[in-house]
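Student: What follows is a predicted structure for the sequence shown.
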Amino acid sequence: MRLIFLGPPGVGKGTQAQLLCKKYGIPQISTGAMYRQAIKNQTTPGKQAEALMKQGKLMPDFITLGLVKERLQKSDCKNGYLLDGFPRTIPQAEGFDKLLQEMHQKLDAVISISVDEAVLIKRLSGRRSCPKCGAVYHADIHPFSKKGLCDKCHEKLVQREDDKHETIKKRMDVYLTQTVPLLDYYKKKKLLYEVDGDQEIEKVFNSILNLLEK
Ligand code: AP5
Ligand code: MG
């Protein structure tokens, strides 16, 4: 199964990707997580990502496409993958189409998750994540222990640099102007499926499964 998750910041792409990847035994490929790792390692793209992510801006398309191309050659992608947060511009989608052709692969579905902006802001301001295993929590909705440790690996949870109010606003604008055109792009290819993300995590998951297993 080869899938794309589309949606604004905080809609639950990462949360749902972890559940779906576990169920189907495919890797979750999050370009955001790859850039956060590059920042940690202070590589050249990492340094560029650090500056751009703080401003809520996207990394250049050719760097992101190169990163994804390299990742998709790994053996764990043989039986499929879930792209979480890629593509997010028309040039990225076109570049990815070329890549699929080169790899003789077909995309199965693009799942667009949506939620109202006020809900997204609340979700992002309360989000905490585990820097080690990537598990995602929320202060009210998906609570973590009083000590702020990950349930799974007991690492100290952190708040993302780009989850500050002004940066969240900028990320939303970028989504509306640069990523929303992809909805039409994939609708024309008859690959787009829409899911209401404003439901409990489990219910969103079941809606996605219903669409995929129809
Ligand atoms: P990225 O890491 O992809 O961030 P994003 O798209 O802004 O999305 P988020 O990860 O913030 O949200 P999410 O939808 O995964 O929500 P989550 O599941 O965590 O990208 C970050 C940056 O990297 C970009 O700004 C850019 O600079 C760069 N980048 C990445 N990809 C790029 C690309 N392709 N091209 C160029 N640059 C790129 O959930 C959020 C919170 O809500 C959590 O606390 C969670 O517990 C809670 N929650 C989830 N679901 C529910 C629910 N159903 N009900 C209640 N709460 C819920
Ligand atoms: Mg995410």
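Tutor: Cool, the structure landed. Ligands and ions are numbered 1, 2, ... in the order given.
Student: What is the burial count for the residue of the chain found nearest ligand 1?
Tutor: Nearest residue of the chain to ligand 1: Gly32, at 1.9 Å (CB to the nearest ligand atom). The way it works is simple: take the backbone N, C-alpha and C, and place the C-beta from them, glycine included. For Gly32, the count of nearby residues is 19 (other CB atoms under 10 Å).
Student: residues from the chain in reach of ligand 1?
Tutor: 7, 9-15, 30-32, 35, 52-53, 56-59, 64, 85-88, 92, 123, 126-127, 136-138, 141-142, 162, 171, 197, 200-201, 204 (CB under 6 Å from any ligand atom).
Student: OK, contacts around Leu191?
Tutor: Leu191 is in contact with Leu107, Asp108, Ala109, Val110, counting by CB atoms under 8 Å, 6 or more residues apart in numbering.
Student: of those residues, buried ones?
Tutor: Leu107, Ala109, Val110 (16 or more other CB atoms under 10 Å).
Student: could these be laid out in JSON lines, adding secondary structure and distance to Ile208?
Tutor: Shown next, in JSON lines, are the buried ones among the contacts of Leu191 (DSSP: H, G, I helix; E, B strand; the rest coil; distance: CB to CB, whole Å):
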{"residue": "Leu107", "secondary structure": "coil", "distance to Ile208": "16"}
{"residue": "Ala109", "secondary structure": "strand", "distance to Ile208": "9"}
{"residue": "Val110", "secondary structure": "strand", "distance to Ile208": "12"}
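Student: Sort out which one of these lies nearest Leu183 for me.
Tutor: Nearest to Leu183 among those is Val110, at 8.6 Å by CB to CB.
Student: Distance-wise, check that closest one relative to Ile90.
Tutor: 14 Å (CB to CB, to the nearest Å).
Student: Skipping adjacent residues, who's closest to His138 in space?
Tutor: Sequence neighbours aside, Gly126 is the residue nearest to His138 in space, at 4.7 Å (criterion: CB to CB, 6 or more residues apart in numbering).
Student: From the structure, what's the count of residues near that neighbour?
Tutor: For Gly126, using other CB under 10 Å, the count is 17.
Student: can you give me the strands in the chain?
Tutor: For the chain, the strands defined by DSSP state E cover 2-6, 28-30, 81-84, 109-114, 127-129, 136-138, 192-196.
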